[in-house]
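S.K.: Here is my input, please return the structure:
(one chain, ligands or ions: 1)
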Amino acid sequence: MSTLNVLSVASEVYPLVKTGGLADVVGALPGALAPEAIHVTTLVPGYPAVLAALEGAEMVHIFHGLFGGDARLLKGKAGGLDLLVLEAPYLYERPGNPYVGSDGRDWHDNAIRFAALARVAADLGLGLLPDLRPDIVHAHDWQTGLAPAYMRYSGRPHAPSVMTVHNMAFQGHYSRELMQVLGLPPHAFSLEGVEYFGGIGFLKAGLQLADRITTVSPTYAVEIRTPDGGMGLDGLLRTRAGVVSGILNGIDDSVWNPATDPMIASPFSAENRSSRAANKAALQTRLGLEVDPNALVFGVISRLTWQKGLDLLLERLGTLLGTGAQLAILGSGEPWIAEGFVDAARMNPGRVGMFNGYDEPFAHLIQAGSDVILVPSRFEPCGLTQLCALRYGALPLVARVGGLADTVIDANEVARAAGIGTGVQFGPVTADHLEAAILRTADLWRDRPYWKKMQANAMKTDVSWRRPAAAYARLFRSLRAEAG
Ligand SMILES: Nc1ncnc2c1ncn2[C@@H]1O[C@H](COP(=O)(O)OP(=O)(O)O[C@H]2O[C@H](CO)[C@@H](O)[C@H](O)[C@H]2O)[C@@H](O)[C@H]1O
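M.R.: Okay, the predicted model is just below:
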């Protein structure tokens, strides 16, 4: 099998820069695709953290006058990845978050910052550097949506493109006045081009002009074709339904491996789960919860945003605590949700523990020590925390949406009778249905033999990248064959 070269372009990549699951996936795909004879080079902006980590950097191109400055394209390695880094200090040399300044507001020039990234991806797809000419350009999320557009409007032969949507809620919508600044020809401002509700839609452009569209679960691939899930883009996606597919995410099962995880209190495996109890005790101690092996511990690891539905949990916290259960929460994000949990912890000492922040090692301990991981998302393209939870034997209690619907087997009565089931699902996503699911989970906890069976089932679920990588490989190869 000949090697296929893919240029993956994204605004964040684990372990260098991460604000969410996008970085995890972009960081994992190259390793996952290597056994499929697919070589991935990842193009990312030259944020300070990326430049600091880059090893063996070699300059491969200078762009004169790239959106208001001179930029250099560097080739090197970091975090085990083959990278191309766009070093453009006037766009990316800023402290903190890739998208927002210290005042919490979007950088004023985000349209240009990410158009520059997309422009460079497109140039590579057009054969700018013969040695680094990709067979496929794989663009992730709105920040890179213009890459397929730039290639298409060049009018020249170019690599075929795949646009992957990790979250439909972020679309990159900008003023029509930027058409010229962004280097888009006037005729691109049309329904079949980049025009979107009177402005320029970056994600819209990618979805309209890429050769294939993927999203990160089969159910989300269906949901985004509906008015609710499509968030304005459902019509386009219905029209292009023939090129849309859903490929589930995986997780890195060497990082997320309870048998070897150095970040947890005591290792365990599906076959030998006895030391899971030590992790539960460590978690309870760390968060000031009563150390009680019999208390059902619900864990949460999440960005705190409306998407994640955790306000519904706050609303029905009384029911959860009424069952005798505990809540361990690790999260950061919007203050209206964070403060609710901080208050809940203060008012329920020993029963609710909250760490308001981002802490990767602690996320591992919560997975290892909780009995349940709660993911009550209003929508969830795939979700990674429930995949980690399955691997660590913390049964996922999830909303029946997107990738959550695709990855958890609900312990309904039939599943219970058959000894299958890996967690609990609920829907529609309302406080009432969440409450019912919490009560059902507490009931399942009382049936300890079945609980242990579910835990074993969960831990044996294949949540690795193997199957998803094979699906991406098939997609890339068929697209390459089609392109000739
Ligand atoms: N406070 C904290 N401390 C430590 N770790 C934390 C944390 N908060 C979150 N995390 C970690 O960050 C990652 C978040 O990934 P998710 O897939 O759950 O959500 P996200 O909405 O960011 O991603 C979007 O993109 C991904 C990738 O495609 C989709 O799975 C998802 O549905 C979509 O919304 C997980 O690995 C989680 O453990």
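
S.K.: What ranges does the stretch 251-400 of the chain have for its helices?
M.R.: For the stretch 251-400 of the chain, the helices defined by DSSP state H, counting those that start in this stretch occupy 276-286, 310-315, 317-322, 335-347, 360-369, 385-392.

S.K.: I'd like those laid out as CSV, including distance to residue 43, mean neighbour count and mean pLDDT.
M.R.: In this view, the C-beta of every residue, glycine as well, is placed from N, C-alpha and C. Formatted as CSV, the helices of the stretch 251-400 of the chain follow (distance: least, C-beta to C-beta, whole Å; neighbours: other C-beta atoms under 10 Å; pLDDT from 0 to 100):
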stretch, distance to residue 43, mean neighbour count, mean pLDDT
helix 276-286, 39, 20, 98
helix 310-315, 34, 20, 98
helix 317-322, 44, 17, 98
helix 335-347, 34, 16, 97
helix 360-369, 25, 22, 98
helix 385-392, 26, 26, 98
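
S.K.: out of those helices, nearest to residue 231?
M.R.: helix 310-315 (19.5 Å; C-beta to C-beta).

S.K.: tell me what the closest one is packed against?
M.R.: Under the contact criterion of 3 or more C-beta pairs under 8 Å, 6 or more residues apart in numbering; DSSP states H and E, helix 310-315 touches strand 297-304, helix 335-347, helix 431-446.

S.K.: got the CA coordinates for it in PDB?
M.R.: What follows is helix 310-315 as a C-alpha-only set of coordinates in PDB (Å, rounded to 0.1, in the frame of the first residue of the first chain):
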ATOM      1  CA  LEU A 310     -24.600  21.200  33.600                       C
ATOM      2  CA  ASP A 311     -27.000  23.900  34.700                       C
ATOM      3  CA  LEU A 312     -29.600  21.100  34.500                       C
ATOM      4  CA  LEU A 313     -27.500  19.200  37.000                       C
ATOM      5  CA  LEU A 314     -27.300  22.200  39.300                       C
ATOM      6  CA  GLU A 315     -31.100  22.400  39.100                       C
END
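
S.K.: Check what pLDDT the residue in the stretch 201-350 of the chain that the ligand sits nearest to gets.
M.R.: Nearest residue of the stretch 201-350 of the chain to the ligand (C-beta to the nearest ligand atom) works out as residue 216 at 4.1 Å. With respect to pLDDT, residue 216 has a value of 98.

S.K.: so who does the residue lying closest to it once chain neighbours are set aside touch?
M.R.: Residue nearest to residue 216 in three dimensions, not counting chain neighbours: residue 382, with 3.7 Å by C-beta to C-beta, 6 or more residues apart in numbering. Contact partners of residue 382, counting by C-beta atoms under 8 Å, 6 or more residues apart in numbering, are 21, 166, 216, 217, 220, 248, 249, 402, 403, 406, 407.

S.K.: Whichever residue of the stretch 51-200 of the chain sits closest to the ligand: neighbouring residues, count only.
M.R.: Nearest residue of the stretch 51-200 of the chain to the ligand (C-beta to the nearest ligand atom) works out as residue 166 at 3.7 Å. Using other C-beta atoms under 10 Å, residue 166 is surrounded by 24 other residues.

S.K.: where in the stretch 51-200 of the chain is pLDDT low?
M.R.: The model of the stretch 51-200 of the chain has no residue with pLDDT under 70.

S.K.: Spell out which parts of it neighbour the ligand.
M.R.: 166, 167 (C-beta under 6 Å from any ligand atom).

S.K.: Run through the strands of the stretch 51-200 of the chain in chain order.
M.R.: Along the stretch 51-200 of the chain, counting by DSSP state E, counting those that start in this stretch, strands occupy 55-63, 71-78, 81-87, 136-140, 161-165, 173-174, 195-196, 199-201.

S.K.: okay, those strands in JSON lines with mean neighbour count and distance to residue 434 next?
M.R.: Converted to JSON lines, the strands of the stretch 51-200 of the chain look like this (neighbours: other C-beta atoms under 10 Å; distance: least, C-beta to C-beta, whole Å):
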{"stretch": "strand 55-63", "mean neighbour count": "13", "distance to residue 434": "47"}
{"stretch": "strand 71-78", "mean neighbour count": "20", "distance to residue 434": "41"}
{"stretch": "strand 81-87", "mean neighbour count": "22", "distance to residue 434": "38"}
{"stretch": "strand 136-140", "mean neighbour count": "29", "distance to residue 434": "31"}
{"stretch": "strand 161-165", "mean neighbour count": "27", "distance to residue 434": "26"}
{"stretch": "strand 173-174", "mean neighbour count": "18", "distance to residue 434": "32"}
{"stretch": "strand 195-196", "mean neighbour count": "21", "distance to residue 434": "34"}
{"stretch": "strand 199-201", "mean neighbour count": "23", "distance to residue 434": "33"}
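
S.K.: want to throw the helices of the stretch 251-400 of the chain into JSON lines with distance to the ligand?
M.R.: Formatted as JSON lines, the helices of the stretch 251-400 of the chain follow (distance: least, C-beta to the nearest ligand atom, whole Å):
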{"stretch": "helix 276-286", "distance to the ligand": "14"}
{"stretch": "helix 310-315", "distance to the ligand": "11"}
{"stretch": "helix 317-322", "distance to the ligand": "19"}
{"stretch": "helix 335-347", "distance to the ligand": "10"}
{"stretch": "helix 360-369", "distance to the ligand": "4"}
{"stretch": "helix 385-392", "distance to the ligand": "5"}
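
S.K.: where along the stretch 51-200 of the chain do the helices fall?
M.R.: Using DSSP H, counting those that start in this stretch, helices in the stretch 51-200 of the chain cover 89-92, 110-125, 146-154.

S.K.: Centre of the chain to the longest one, how far?
M.R.: Right, the one you point to is helix 110-125. Centroid displacement of helix 110-125 relative to its chain, using C-alpha atoms, centre = their mean, to the nearest Å, is 21 Å.

S.K.: Give me the packing partners of that helix, helices and strands only.
M.R.: strand 4-9, strand 38-45, strand 71-78, strand 81-87, helix 89-92, strand 136-140, helix 146-154, helix 202-209.
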